[in-house]
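A.B. asks: Fold the following and give me the result.
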Amino acid sequence: MIACLLTTGAVAATPGADQLRTERRGDVLELRWADAEERLQGTLHPALPREGEPAMLSLHVGAFQGAEFTGPLTLTLHLKDSPSQLTRTLTHDGVNWHTQLEFDEPGLYELEVRYQNTRLKVLTGFITVASTPLPRGLSWALVIGGSGLVLALGVRGALKRLRGTPAPTEPSDVDAPPAITPPVEASASTDAAGATAEAASATAPAPDAASNR
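C.D. replies: Residues are numbered from 1 along each chain as shown. Predicted coordinates:
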């Protein structure tokens, strides 16, 4: 009997986990949940938070019956499949509960809200965190640097192609056909032979004189 009582008490003490519904409206992410006893409404601004940038979470718990909820309200946040988590108690300002969140890295975060009014409630939801975009100046610097690198590589490739092309060679004297020169020597020898013959004819005696002797 004692074992049955302990089991019943453990089941009663275990909170029921309920899912928070999220819906994006402009630059605000709305969170909603309700049961027969209370309802929870909240907003996260901006709707798509970024790593390293603050985001504001505002929650409101309204009771359908009974006394108004006065707290405390605890929030637990951790990156999905990560053992580390952030836990804090929200501060009450007027009718809402506020806290500022800052995410260390992008990814899908699990949000858990705990409070107790008539009984302990555990509500879970998910928030997507985007990575921080590069500053505009850095983006332009990367674009200009990449363009300069591409241009430099193109110029380098063109210079390599020009250096690899062999320069045209002039025809050598060996390969050139021999020049045709006029027969100077033949004419000279002919003139010399003619001169010798004239000299011989001039010195030779006449036939009639030889016969008379």
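
A.B. asks: Verify the contact between Gln41 and Leu31 for me.
C.D. replies: Yes. Contact status for Gln41 versus Leu31: in contact at 7.0 Å, counting by CB atoms under 8 Å. Glycine gets a C-beta too; all of them are placed from N, C-alpha and C.

A.B. asks: so what's in contact with those two at the same time?
C.D. replies: Leu59 (CB atoms under 8 Å, 6 or more residues apart in numbering).

A.B. asks: Look at those two and report which has more neighbours.
C.D. replies: Using other CB atoms under 10 Å as the criterion, Gln41 and Leu31 rank with Leu31 on top: 21 against 15.

A.B. asks: With just CA atoms, put the host helix or strand of the more buried one into PDB.
C.D. replies: Using DSSP states H and E, Leu31 sits in strand 28-34. C-alpha atoms of strand 28-34 as PDB (Å, rounded to 0.1, in the frame of the first residue of the first chain):
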ATOM      1  CA  VAL A  28       7.800  39.700 -34.100                       C
ATOM      2  CA  LEU A  29       7.600  36.000 -33.200                       C
ATOM      3  CA  GLU A  30       4.400  35.200 -31.300                       C
ATOM      4  CA  LEU A  31       4.200  32.400 -28.700                       C
ATOM      5  CA  ARG A  32       0.900  30.900 -27.600                       C
ATOM      6  CA  TRP A  33      -0.300  28.200 -25.300                       C
ATOM      7  CA  ALA A  34      -3.600  27.500 -23.400                       C
END
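
A.B. asks: which residues in the chain form helices?
C.D. replies: Remark: helices assigned in the chain by DSSP state H are 2-13, 136-164, 184-203, 207-212.

A.B. asks: re earlier: counting contacts, what elements does the strand holding Leu31 pack onto?
C.D. replies: Under the contact definition 3 or more CB pairs under 8 Å, 6 or more residues apart in numbering; DSSP states H and E, strand 28-34 sits against strand 21-25, strand 38-45, strand 120-129.

A.B. asks: my read: Asn96 touches Val61, true?
C.D. replies: No. Asn96 is beyond contact range of Val61, at 9.2 Å (criterion: CB under 8 Å).

A.B. asks: Export the helices and strands packed on strand 28-34 to JSON lines and append columns for mean pLDDT.
C.D. replies: Putting the helices and strands packed on strand 28-34 into JSON lines (pLDDT from 0 to 100) gives the following:
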{"stretch": "strand 21-25", "mean pLDDT": "92"}
{"stretch": "strand 38-45", "mean pLDDT": "92"}
{"stretch": "strand 120-129", "mean pLDDT": "92"}
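
A.B. asks: Can I get those strands in a markdown table including distance to Arg114?
C.D. replies: Formatted as a markdown table, the helices and strands packed on strand 28-34 follow (distance: least, CB to CB, whole Å):
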| stretch | distance to Arg114 |
| --- | --- |
| strand 21-25 | 18 |
| strand 38-45 | 11 |
| strand 120-129 | 5 |
